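Chemist: from the sequence below, what's the structure:
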Amino acid sequence: MSSSPLPSSRPVARPTAGPATTPAPPPTPPVAKRRINDILLGRFERWALPRMAARLPRWMTPDGLTAIALAGAFLSAVAYALAGSNLVWLHVASLGLVIHWWGDSLDGTLARVRQIRREKYGFFVDHQCDAISTVALCVGLGAGGLLQMEIALAVCVGVLMLMLLVNMVTIARDVFKISFGAVGPTELRVIAIAFNTLAWAVGPQSFVVFGRTWTAFDGLGLLAVALLAGVYVVFVARETRLIARLDPTPPPGEDGIPFDPTGQSRTDD
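Modeler: Numbers count the residues shown, from 1 in each chain. I've put the predicted structure just below:
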């Protein structure tokens, strides 16, 4: 005679709910940096650019405008390289500068008008394209013979140093300084277009100094190098004093940063 097994007296384990999880808070959007743009044409740009951006078709994007600006810079670079054999190409170079201004000025404006700003991405991409455009334009000027390559590269170094200064000021005190004095990228383009037109109208002009032949573009390039160097030195000294006041030296051992004598970290830790 078989007997059925007695039920176990041990309690049956029941699945228990895991610890309550709270959803991660949404990431805090980056705060827009304060922009300083006290250029001569600043009032016109603040009036015109938002209106132009509002009328752009929906398929146009800030990245598309950045690409257009880059294409304009390369158009000017090629035109400058060809202008050494025919000054008519200077008009094409001026057209490229206008295209570059249009795209470079509107990409950020369009993002602000549509409220689709990407502060970190836009800052990175815009400055990389500005650096590429600067190198292309200067090399194009030197390759065409309108400007001696040594002077063209010196101008390139001066512009890149000012761009580096802008980036460092932005990181150090969250201020995006576009202009130096009353002159910014827009005014530099206007000066370049005016000089292109003048050079085309009067024809090639050269003169001999110290037994070496110089062009009018060489003279303008040397002036640009001197101005760039002077502006850089003045504003580095000014920003150094300002940042030193904002970030004074603390007493020893009281900087509030965990002790780390090397100041380095490894990506494989």
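
Chemist: quick check, residue 207 in a strand?
Modeler: Yes. Applying DSSP: H, G, I helix; E, B strand; the rest coil, one finds residue 207 inside a strand.

Chemist: what about it, how many neighbours?
Modeler: By the criterion of other C-beta atoms under 10 Å, residue 207 has 11 neighbours. Where you see a C-beta, it was placed from the backbone N, CA and C, and this is true even at glycine.

Chemist: can you pull the contacts of it?
Modeler: By C-beta atoms under 8 Å, 6 or more residues apart in numbering, residue 207 lies in contact with 213-214.

Chemist: might you report the residue contacts of the nearest residue in space to residue 168 that is not next to it in sequence?
Modeler: In space, and not counting its chain neighbours, residue 168 is closest to residue 239: 7.9 Å by C-beta to C-beta, 6 or more residues apart in numbering. By C-beta under 8 Å, 6+ apart, the contact list for residue 239 reads 165, 168-169, 172.

Chemist: going through the residues you listed, which ones are buried?
Modeler: Neighbour counting over the contacts of residue 239 (16 or more other C-beta atoms under 10 Å) leaves 165, 169 as the buried ones.

Chemist: from the contacts of residue 239, which is closest to residue 93?
Modeler: Looking at those and their distance to residue 93, the nearest is residue 165, at 26.9 Å (C-beta to C-beta).

Chemist: and the nearest residue to residue 88 once chain neighbours are set aside, how far from residue 79?
Modeler: On the basis of C-beta to C-beta, 6+ apart, the spatially nearest residue to residue 88 that is not a chain neighbour turns out to be residue 200, at 7.1 Å. Shown here: residue 200 relative to residue 79, a distance of 12 Å by C-beta to C-beta, to the nearest Å.

Chemist: overlap in contacts, the two.
Modeler: residue 90.

Chemist: can you mark which positions in stretch 39-57 are buried?
Modeler: Residues of stretch 39-57 classed as buried under the neighbour-count rule (16+ other C-beta under 10 Å) are 39, 41-42, 45, 49, 53, 56.

Chemist: also stretch 221-231?
Modeler: When neighbours are counted by 16+ other C-beta under 10 Å, the buried residues of stretch 221-231 are found to be 221-222, 224-225, 228, 231.

Chemist: equivalent analysis for stretch 195-204, please.
Modeler: Buried positions in stretch 195-204, judged by neighbour count with 16+ other C-beta under 10 Å: 196, 199-200.
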